[in-house]
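> need coordinates for the below:
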Amino acid sequence: MDPRAQMAEAHAVGWAATVGGIEQVRAQALAQVRRSMGMTRQPPAACVDPDLAYIAPDSMVRHIHGDLPAMLIGGLSALLFQMLHPLAMAGVAQFSNYRSDPLGRLERTASFLGTTTFGTAAEARGAIERVRSVHVHVRGVASDGRPYSATDPDLLTWVHAAEVSSFLAASRAYAPLPPTREEADGYLAQMARVALELGAVDVPRSTAELDAYFASVRPLLRFTPEARDARNFVLRGVGRWPHEVATYGLLVSAAQGVLPGWARRQLRLPSLPAGDLLAVRPSARLLGTAFRWVVTPPATATEVADR
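Just a heads-up that it's a prediction; the model follows:
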């Protein structure tokens with residue numbers, strides 16, 4: 001055999017063995033990450049056909065939601081942020097099973113977000129209809145005596161605004177390619193579609209509109225006893241092993257750091273911007289790099305040769 005061919009064959013065999021070992025480690029780490037997040041089912045393949053997709057494959061929504069570390073941080077931030085609305089919090093306290101099944105609730109939320117981001121129009125609208133059918137039954141009276149309903153357009157707008165604000169803030173702080181102001185406006189305009197189909201109204205479609213919305217709603221926000229209990233539950237986490245506790249502690253610290261200052265103060269969370277920048281953010285970025293490696297399949301020998 002030609003010596004060059006022998007070298008190429010040996011290189012291919014060596015590369016395959018290396019990739020096989022790396023892939024085994026990556027697969028084990030990915031399974032552990034998925035278990036810790038309560039994900040028991042494999043996510044469906046993303047729809048890449050622009051004519052069938054609910055959200056365009058080249059959209060800012062997919063760009064932002066496709067970065068797992070920023071989404072984990074943004075998701076925790078959104079949970080904390082949403083607690084500040086007394087009526088929204090009353091619904092969570094009275095109807096949610098977040099205490100008894102936190103990972104199951106997390107999986108359902110992640111599934112809805114994944115379907116509306118990466119699924120077909122039919123899949124996304126099916127997920128939206130299922131959520132709407134659940135919302136019909138979520139109604140009651142808050143501890144302050146006011147009635148509430150999960151179908152209330154104002155509450156739906158609040159939950160949506162807190163969510164997209166948190167995802168944007170986390171992406172700006174932790175994504176490898178943070179969105180520009182123009183890209184952030186595009187993200188909000190694209191995400192408005194989901195909120196409107198859920199029943200929200202007057203949904204912010206730009207960063208300026210989002211800022212104006214929060215300025216208008218702040219007088220309605222309160223840190224209720226129900227919010228305090230939920231905040232404490234989120235801050236504690238549900239990790240059992242030391243590495244899970246440490247990882248979650250870093251993520252939740254990063255989540256607090258991307259909240260608006262006024263929301264952090266109202267939730268009575270420590271406000272240490274210097275500590276956040278000097279300790280939490282560098283550590284969270286390193287963790288994010290590790291997470292991205294875990295969820296990204298290794299390159300094949302052919303792909304490496306083509307580079």
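> hey, where'd the strands end up in this structure?
Listed in chain order, the strands of the chain (DSSP state E) span 139-141, 147-149.
> is it true that residue 152 touches residue 87?
Yes: between residue 152 and residue 87 there is a contact under CB atoms under 8 Å: 7.4 Å. Where C-beta positions appear, they are placed from N, C-alpha and C, glycine not excepted.
> who are the contact partners of the most centrally placed residue in the chain?
Note on the chain: the residue nearest the mean C-alpha position is residue 71, at 3.2 Å, using CA atoms, centre = their mean. Contact partners of residue 71, counting by CB atoms under 8 Å, 6 or more residues apart in numbering, are 64-65, 113, 167, 170.
> any idea how far it is from residue 174?
Per CB to CB, to the nearest Å, residue 71 is found 10 Å from residue 174.
> residue 294 now?
Residue 294 is 16 Å from residue 174, by CB to CB.
> more neighbours, these two?
The residue with more neighbours, out of residue 294 and residue 174, is residue 174; 23 against 18, by other CB atoms under 10 Å.
> for the more buried one, which non-adjacent residue is spatially closest?
residue 70 (4.6 Å; CB to CB, 6 or more residues apart in numbering).
> and for residue 121?
Per CB to CB, 6+ apart, closest to residue 121 is residue 54, 4.5 Å.
> how many neighbours does residue 289 have?
Neighbour count of residue 289, defined by other CB under 10 Å: 12.
> that should have said residue 161, apologies.
Around residue 161 there are 23 residues (other CB under 10 Å).
> in contact with it, which residues?
Counted by CB under 8 Å, 6+ apart, residue 161 has contacts 203-204, 210, 213-214, 217.
> and for residue 202?
Here residue 202 is in contact with 153, 157, 213 (CB under 8 Å, 6+ apart).
> what's the neighbour count on the closest residue in space to residue 262 that isn't next to it in sequence?
Of all residues not flanking residue 262 in the chain, residue 218 sits nearest, at 7.0 Å (CB to CB, 6+ apart). When neighbours are defined as other CB under 10 Å, residue 218 has 13 of them.
> for residue 155, see how far away residue 218 is.
16 Å.
> same question, residue 189
22 Å.
> who has more neighbours, the two?
residue 155 (22 against 17).
> coming back round to it: quick check: phi and psi on the residue nearest to residue 121?
phi -70, psi -40 (degrees, to the nearest 10).
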